[in-house]
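Student: Following is a predicted model, sequence given first.
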Amino acid sequence: MNSAVRTFVMPRSASERIPRLVFRSLRRVFNIIMRFMPRYEQRDQLMAMFAPLASVLLVPVFLMVETFGFALMFWGTGRPGLPDSIATSGSSLFTLGFVTVDSPIHYVLAFAAAATGMIMPALLISYLPTIYGTFQRRESLVSQMEVAAGSPPSAVILLTRTRLLKNLAVLGEVWRNWNTWFIEIEESHTSLTAAVYFRSQQPNRSWITTAGAVLDAAALARSTIDIPLDIRADLMIRSGYLALKYIAQVYGRTYHPNPHFPEQPISVSQDEFNSAYDTLVKADVPVLPDREKCWLDFAGWRVNYDAQLLDLCALVMAPEAPWSADRCEGRIAISPKFRGRNLAENSTASADANSEDALPDSVIIG
């Protein structure tokens, strides 16, 4: 019961063995099945069933554990044997009544088992609507971003389309909306961990790749585009990498507490950045003239969220997208200990290129 309450009710992340075992075991089964599916669309359709099926399976698994637990209590308080105790526990837990009890302690255990049997389905009934409400709020902004950033989402497309269709000044509203989105995602996806695996309605759309595209767009805006400083971009990047870090930590990932480039490398190469820089120039997006400094500043922003972005893309098997899921293969195999051995304890990157150092003290939150 304690594990069920911590999973279904407690509004914070809780690493419980039973839900973890259910999700990991089912994921192994899905991984085996996906070996026989050559097309991504087939694997995506299968993975769309993963989170709902795992969530529904939690209740019968909890009930089986409770049945065995009450059986041990019945056995320890005088029932003649384990088989009879299991029958008595199951009869009480599922309120079937085909086994009777005849002692005060067994009456107490029978009533407790019956109450537990009614509470478990009630918890699931309240749990699933909460998850789907979280899913709908998350996907609303993700779906809107497909219009601006393309499908799959791209930071460069977001910036060039904004320049062609509107004034770049409207980006401030994008940063404000996504800052709120990241704050909500951190709260919901660390307490309702199953929500991380719920997939978007379209196979080429994903909450994590869209988040990566928006973060990269803000990093490019702060490092490369010649527009007035907008502190909302800084705040959005900070709330973004904190949200992704806290969500990834629920799944056992650990990260450098204060990463700096180039001590900690990023997955985007300088050639890829140069290509994006040229694309922005061709689209008549105003860019800063010092390309080398732009690259160093962009990398300084990106290093804050690069590792957790790729880890989450691999975890949810996100569709391929530029600068995120297109380079996350093999990330699941990287253990926290292996990553930790590559962390530099003393970093000396410039403050103007790192989001936490770049924010003035007056706007650092938390």
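Tutor: The structure has been received and is ready for your questions.

Student: Need phi/psi at the residue of the chain positioned farthest from its centre.
Tutor: Of all residues in the chain, D102 has its C-alpha farthest from the mean position, at 50.5 Å, by CA atoms, centre = their mean. Torsion angles at D102 (phi, psi; degrees, to the nearest 10) stand at phi -140, psi 20.

Student: Look up how far G76 lies from it.
Tutor: From D102 across to G76, the span is 17 Å (CB to CB, to the nearest Å). The C-beta positions use only the backbone N, C-alpha and C, and glycine is treated the same way.

Student: same deal with S89?
Tutor: 12 Å.

Student: Give me the more crowded residue out of these two.
Tutor: Per other CB atoms under 10 Å, whichever of S89 and G76 has more neighbours is S89, with 25 against 10.

Student: what about that one, helix or strand, and which?
Tutor: S89 belongs to helix 82-93 when elements are defined using DSSP states H and E.

Student: likewise R138?
Tutor: Assigned by DSSP H and E, R138 belongs to helix 104-149.

Student: helices and strands around the helix or strand following that helix, which ones?
Tutor: Next in sequence after helix 104-149, counting helices and strands by DSSP H and E, comes helix 155-165. Helices and strands touching helix 155-165, by 3 or more CB pairs under 8 Å, 6 or more residues apart in numbering; DSSP states H and E, are helix 104-149, helix 207-223, helix 270-282.

Student: Report the angle between the second one and helix 270-282.
Tutor: The one in question is helix 207-223. Helix 207-223 and helix 270-282 are oriented at 70 degrees to each other (axes from the mean of the first three to the mean of the last three CA atoms, to 10 degrees).

Student: chain center to helix 207-223, what's the gap?
Tutor: Centroid separation for helix 207-223 versus its chain: 16 Å, with CA atoms, centre = their mean, to the nearest Å.

Student: For it, name the packing helices and strands.
Tutor: Judged by 3+ CB pairs under 8 Å, 6+ apart, helix 207-223 is in contact with helix 104-149, helix 155-165, helix 171-191, helix 231-250, helix 291-302, helix 306-315.

Student: and those helices, which is most packed in?
Tutor: Across these, the average number of neighbours (mean count of other CB atoms under 10 Å) peaks for helix 306-315, which reaches a mean of 25.

Student: the bottom helix or strand of this protein by mean pLDDT?
Tutor: One helix or strand of the chain scores below all others by mean pLDDT, DSSP states H and E: helix 336-340, with a mean of 33.
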